[in-house]
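Participant: Got a predicted structure here, sequence first:
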Amino acid sequence: MTDRRNFLKQSSALVMGGILSGKAFSAFAQNGSPNIRDYFEWEDEAVIQLVESVFTKCVFGKVRPPEGELKRRWNAPGGHYYGQWIWDTMFVTDLLSIFPEQSEVIRDIFGNYRDFQERWNAVKPEYMHDMIPCMIMANDKSGKWKTFPAYSQIPIIAWGLERVFNRNGDIELVKENLQSLEKFHEWYWRERDVTDTGLVGVGDYLGVIQNARYETFDFDRTLDRLQLTAHPKRNDNPPLKAYGDILVTGNTSYLILAEQSLARLAHKVGDEKLAKRCETRATRAAEAMRNNMWDEKDGVFKAIFRDSFQKIDELSIGCWTPLLAGVPTKKQAAKMTEILQSPAWNTPVPVPTVPTTDPVYKSDAFWRGDIWTVTNYQIAHGLKAYGFDDLAADIADKTIELSLRHGVSERHDSQTGKALGVNFLGMSCTVVTLMLEGISKKYVLKLKNK
């Protein structure tokens, strides 16, 4: 925690000093300032104004020039966070790829992950090789990256790469990144599926429990009883207590999702052996989730203790992530929709990060009752894929209304809708994605000529 606090303190000082001036970087990022309205069709003027604001501040405004350890152009999440994250970046590059002139910027952003792997591998033991961290710090001149962050984040880079390819068709981008992403997945399975069950946990090479929680939703309720242990199969000397004893629904689902994306991309470049490896891993993990994490009585997927496979009754927003990866059977998905519409989850502003029946629930609490645009997008996307269009649209419409009424923000109060956290955080751009994918029914936005 001390390292994280010091890092954020230093980053905040940079913001106060004007180094993160949005205006200073906006012209650089926009590369000719494209007219947003030239790319879209809409019905409501308020919608296109929202879209313009999101692209200016969440998308173009988050691209930065090379700096420090980041030798290429990079993506910052916003606020006082000064580095390139994993999951914020994927939602931003998805929308950035709408604009053909941004293809080289996107290549740079993905290249930063490959660069980090090479630096990391050069100074770490083999079992740590090929990790991509939660954040790649730009202003790190002291070499702190060698020890912090010593944990990763939700593994959706391959999913983000597929999204970009589906929009701009950049096959060279795909070829550049396939090998490094498979290595990242191999690290994830090796270091987070430590019992070889197909189910992944969290960890931190420094042995800090809260850092391990940061690999998923920062204060995920299902990880309240998390402990870090030595590797259950490898005899490290001295023992390295770096491996979480809880297997989570969220990161397992995200890794399945990423393997599915990597498989499809491998097919595109004719690497059938890679595609087969990815498909096998994804299928095995999905089956393991259905067999071990599904709770028929409560109608959700639950986190489990690694060594006993005992289900954890505390629930969190991660219980719904399997929908995004297509893990539930149709019957299970139908049961999940019933639970999702129950009073515990169907708050005035859905979907809360914990149910209202949980004693820790507070409507504005960080991952303890608030709502996030990005997780709402993922849930709604999953529901629509299973054919629950009306429920998906209800979540989407209410989420979009939050941004129209209260402003684009990191998160919102699940009772009042009040904006909370960082304004125009990068991954809040998913308010636009909800409309572009046709999930929303009330708010219409389409790409021209699509």
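Facilitator: Perfect, thanks for sending it. Remember, it's a predicted structure, so these values are computed and weren't measured experimentally.
Participant: Mark out where each domain of the protein begins and ends.
Facilitator: Taking automatic domain parsing as the reference, the chain has its domains at 11-89+96-115+123-149, 152-327, 341-444.
Participant: Same list, the ones you listed, but as a markdown table with distance to Ala334, mean pLDDT and mean neighbour count please.
Facilitator: From N, CA and C alone the C-beta is placed, and that goes for glycine too. Formatted as a markdown table, the domains of the chain follow (distance: least, CB to CB, whole Å; pLDDT from 0 to 100; neighbours: other CB atoms under 10 Å):
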| stretch | distance to Ala334 | mean pLDDT | mean neighbour count |
| --- | --- | --- | --- |
| domain 11-89+96-115+123-149 | 28 | 85 | 18 |
| domain 152-327 | 9 | 97 | 20 |
| domain 341-444 | 8 | 98 | 20 |
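Participant: To Lys335, which of these lies closest?
Facilitator: Closest approach to Lys335 among these (CB to CB): domain 152-327, 4.1 Å.
Participant: Tell me the gap between that closest one and the middle of its chain.
Facilitator: A distance of 12 Å separates the centroid of the chain from that of domain 152-327, by CA atoms, centre = their mean, to the nearest Å.
Participant: now swap in stretch 386-402 and tell me
Facilitator: 20 Å.
Participant: rewinding a little: how about the domains of the chain in JSON lines, adding distance to Ala333?
Facilitator: Shown next, in JSON lines, are the domains of the chain (distance: least, CB to CB, whole Å):
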{"stretch": "domain 11-89+96-115+123-149", "distance to Ala333": "23"}
{"stretch": "domain 152-327", "distance to Ala333": "7"}
{"stretch": "domain 341-444", "distance to Ala333": "4"}
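Participant: Tell me if I'm right that Leu262 and Thr280 touch.
Facilitator: No: counting by CB atoms under 8 Å, Leu262 sits too far from Thr280 to count as a contact (11.9 Å).
Participant: What are the phi and psi values at the closest residue to Asp193 other than its chain neighbours?
Facilitator: Closest residue to Asp193 apart from its sequence neighbours, by CB to CB, 6 or more residues apart in numbering: Val200 at 4.9 Å. Torsion angles at Val200 (phi, psi; degrees, to the nearest 10) stand at phi -110, psi 150.
Participant: residue contacts, Val200?
Facilitator: Counting by CB atoms under 8 Å, 6 or more residues apart in numbering, Val200 touches Tyr188, Trp189, Arg192, Asp193, Leu247, Val248, Asn251, Thr252, Leu255, Ala285.
Participant: Just confirm the second one contacts Thr280, I think it does.
Facilitator: Spelled out, that is Trp189. No: with contact defined as CB under 8 Å, Trp189 and Thr280 do not form a contacting pair (11.3 Å).
Participant: All the strands of the chain, in order from the start?
Facilitator: Per DSSP state E, the chain carries strands over the ranges 40-42, 63-64, 74-75, 83-85, 135-137, 201-203, 228-229, 243-247, 294-295, 300-301, 304-305, 409-412, 419-423, 445-447.
Participant: Nice, that's everything, thank you.
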